[in-house]
Structure formats: structure tokens, C-alpha cells
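Q: need a structure here:
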Amino acid sequence: MTKFLLLVHVIGLLLLVCDGTADRSLISFPLQKKSRVLSTPERHYRVLAKYGVSTSNKSTTRGQIQLETVNVDVEYVGLIHIGTPPQSFKMDFDTGSSDIWVPSNKCERCGHHPLFNESKSSTLDLSLTQYDSNSSMPHHNTTNRNGTWTLQYGDGSAVQGIKAHDNISVGNLTVKGQLFGLASKVSSQFAQDPELDGIFGLGFAPLSLMGSKKSFVENLKDQGVIKNAIASFHLGGSHTGGQLMLGGVNPNLYNGNLTFVNVTEDRYWEVPFNGIKIGNKTIMSGGSGSSVGANQSTAIIDTGTTLIIMPPSMSRAIHMAIPGAEYNSTYGWNVPCKHGLETSNTTTTATNKGGEVAFRLGEHEFPIAYSDLIREKTSPDNDTLCFSGIAEAPIPMVIMGDTFLRNYYSVFDYENKRVGFAKSKHAS
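A: Purely as a prediction, here's the structure:
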């Protein structure tokens, strides 16, 4: 009998602080179960579409599969408030994009999501915003001088709407007159997601398709709400949730000192990627990812992506080092669940950790145990194999999603244009 994966959607813990001495607002949210399944191949395809990478044969990178929970796959969503009086939305805090948008009351197919009612906010400003033509925009996106914008996905679906300004609050921190989007049309992926209302972009302003001059975090600092333009993430498991801190870091959530890597270009949180290390062997990828070479690449640190996406040469090197790993042309890499999990009828516990792979960001190595690369069971027909948290694509960069970030506390420093990492305390 087919069993469905109950994909836990973590509306985690958001801790927001103005500065080291200011009062803190601690807001906790309950766990919610998300009924819509996204398999590893489907997530893989969505990530490639997000970065404007097309696939010539979708059948090899996208597939539907009904799953049973083994190693719970999590997303991290928190509540924000827009307008006066405030209207609430559950958002994905995404360092891989730079715009904020929510569905408006004029949305045609937004499912059962809350809709922003323009007439109910006394602080809403719908006057047109002059777009800065010097601002860079990501592939497949457009914005017009009349205040409209479109985000085009690789599968042809899109998010469309108008630009607006209003007060936006995350916890007790508020930016007055923040630029954001009111969506009138959204893709089916968003409309069918019952726990995610919109996207809260935390990338750099030059990536903004709406023409933002500064990010939300930088606007907090400019308006005197926080002292330092910093966003810090702790991405825990399904039972511990996550934490976002704006304006500082929480040393109680990581071990040792933070190691910082400078950003190569202030659009994405993109850092130098110098390969992977398995045992004593360091592996680099050529530009197409089809062969091992000596070219330096870059890695994008993306809280809005579940997987690590790598060139095939690196992905294959990692999985070939894991005994029993198998590649499926439809569903990607599968790894033996025994490398990280031992499943009984009532409990799931960590067991044999096996080896590890080190990711080289800048001049620093960040190791992850093979057991921490396991995502979820592939099929009730084979309960010994799990989906890997690493997928492959012929792209010239690496996308470091939550598979990596659940192991490392991450600090996004806008002023100094750098990302910091330290081993998360929950990680082994």
C-alpha cells in the first residue's frame, strides 16, 4: 500500500535583536506538517529553474514519487507582518533571491493563502517607483517603469504583480516604507503549498528584479533599528526548528569561532569554491562539470534551497565514496540509509557515521559526515535506500542549500560582504 511522506514544514524559532544591549523579542512557532510532496528530482528541477538553468530532457531530472518519512526533510518558514494594521504572512527567508513578495487580494489563482488587502493598510504607498536601469537582474525576470514586475520560472510558470511600499515587521523589528511586491498571479507550486505564502529575499540589492536600492536588513540598520547589517541562521532538524537573528549572532547555537569567507560579487551570497576533499584527495570541477580539472568555481549560499547542487564530476566522486550508493536516471542518487540512520517501528536514531566529505570555500574546509547527506527514503519497495541531499547538474557553480547549512551556523554580513560559518551545536 502506498504511503505518503509527511514533509515537516518547520515554522521555527525566530530570534531578532536590535543590538547587543537592546531588548529581544523571542517568537516561537509550532511545527506544521506539509501534505504536498516534493521529491528530490522535483526539488532539483525547481532549483535549476530558479537560477535560469534549463534542462533539455526534463524526464531525467524531474519525477513524482510518493514517499515515507525516514530522515525528515525540512523547510524554514517564519511569520512577517505588513501594513497598518498588520496583515500576516508565512514566508521563506531566502538568501538566494532579493525581493519580498506576497499574494494580493487581486490574485487570480492564489489558492487558500491569505491575501494582502490594499484598502486595509493606511501606510501602503502604491505610487510608482522609478526603476534604476543600472541595477542588475537575474535571468528570466523583468520589471517595468509602470511599477509592474514578472518573475519567470524555467517551466514557464511565473509570479507577476505590482510594486508597493509599506511597513514590514519581522518579530519586533520594522522597516518603514519597505519596497515589496503584491502578486496578482503565482505559479502552481506556490498556490498549492499550504504553508508558504510568499518569499522574503535576503540577497544583495543588485540582484533585485524590483530595483531595490538596499536589502531589508540594510534598511533596518539605516533606520536605526539594528546596529549591524547581519542576518544569522541556525537550521535545525524537525524537532528543534530553526532560528533567524537579525543584527547579530547567537553564540549559544554554534561551537568554536566563526570562519568568514568573502563574497566574490554582491548579488548572490557567492563565495570562492575550491573543490571537495574526500580522504586525501581534492577534486575540482571544470566549467561544465563534466570532467575533473583545476578551474576555480564559485558556490552560492542559499537558505531557500533544500539540496546541494553540484557539477556531475563532484557529485559522482562523493557518491562513489559511499559504499552502496546508486544512481537512478529518474530519481538521482540514492544512498544506503544504514550510513546514517537505523529505523525501527517507533524510532529513528543515528548510527554508523562512516566517512565525510569536506567542502572547500575560499581557503577553508567545511566537512560533513556522509550520514548528514541523507535526505529521505526513496520507495516503500526498497527500505534500504534513501535519497541523497546532493544532486548534480552541468552547471559552472555549486549551490549550497540546507543540506549544507543544517550542519553550519551561517552569518550573512552585508556591510563587510562576507559569509561566516561555525559548526552548529546540534550537528555531529
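Q: In the stretch 301-428 of the chain, what residue spans correspond to strands?
A: Ranges of strands in the stretch 301-428 of the chain, per DSSP state E, counting those that start in this stretch, are 308-310, 326-328, 332-336, 341-343, 348-350, 356-361, 364-369, 374-379, 382-388, 390-392, 397-400, 408-413, 418-423.
Q: looking at the ones you listed, which is closest to residue 284?
A: The closest of these to residue 284 is strand 356-361. By CB to CB, the value is 9.1 Å. Just so you know, the C-beta spots here come from the backbone N, C-alpha and C atoms, and that holds for glycine as well.
Q: Need the contact partners of that closest one.
A: With contacts defined as CB atoms under 8 Å, 6 or more residues apart in numbering, strand 356-361 is touched by 261, 271-278, 282, 299, 318, 321, 365-370, 373, 398, 400, 404, 421.
Q: what is the rounded mean pLDDT of it?
A: Average pLDDT, strand 356-361: 94.
Q: show me where pLDDT drops low in this protein?
A: 1-50, 52-75, 128-146, 152-158, 237-240, 285-296, 338-354, 376-381, 427-428 (pLDDT under 70).
Q: for it, what spans make up the helices?
A: Using DSSP state H, the helices found in the chain span residues 40-50, 188-191, 216-222, 312-320, 402-405.
Q: For the fourth one, C-alpha coordinates in PDB please.
A: Coordinates of each C-alpha in helix 312-320 appear next as PDB, following Å, rounded to 0.1, in the frame of the first residue of the first chain:
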ATOM      1  CA  PRO A 312      28.400  15.800 -12.100                       C
ATOM      2  CA  SER A 313      32.100  15.100 -11.600                       C
ATOM      3  CA  MET A 314      32.000  16.200  -7.900                       C
ATOM      4  CA  SER A 315      28.600  14.600  -7.200                       C
ATOM      5  CA  ARG A 316      29.800  11.300  -8.600                       C
ATOM      6  CA  ALA A 317      33.100  11.400  -6.700                       C
ATOM      7  CA  ILE A 318      31.200  11.900  -3.400                       C
ATOM      8  CA  HIS A 319      28.700   9.200  -4.000                       C
ATOM      9  CA  MET A 320      31.200   6.700  -5.300                       C
END
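Q: That one: which residues count as buried?
A: 312-319 (16 or more other CB atoms under 10 Å).
Q: Which elements pack onto it?
A: strand 269-278, strand 281-283, strand 332-336, strand 390-392 (3 or more CB pairs under 8 Å, 6 or more residues apart in numbering; DSSP states H and E).
Q: Go again with 6 Å.
A: Here helix 312-320 touches strand 390-392, going by 3 or more CB pairs under 6 Å, 6 or more residues apart in numbering; DSSP states H and E.
Q: who does the strand it packs on pair up with?
A: Its sheet considered, strand 390-392 pairs with strand 308-310 (parallel) by DSSP bridges.
Q: Now do the strand it pairs with: everything it contacts.
A: 47, 390-393, 398-401, 403-404 (CB atoms under 6 Å, 6 or more residues apart in numbering).
Q: Quick check: the farthest pair among the residues you listed?
A: 393 and 404 (16.0 Å).
Q: So those two - more neighbours on which side?
A: Each of residue 393 and residue 404 has its neighbours counted (other CB atoms under 10 Å); residue 404 has more, 27 against 21.
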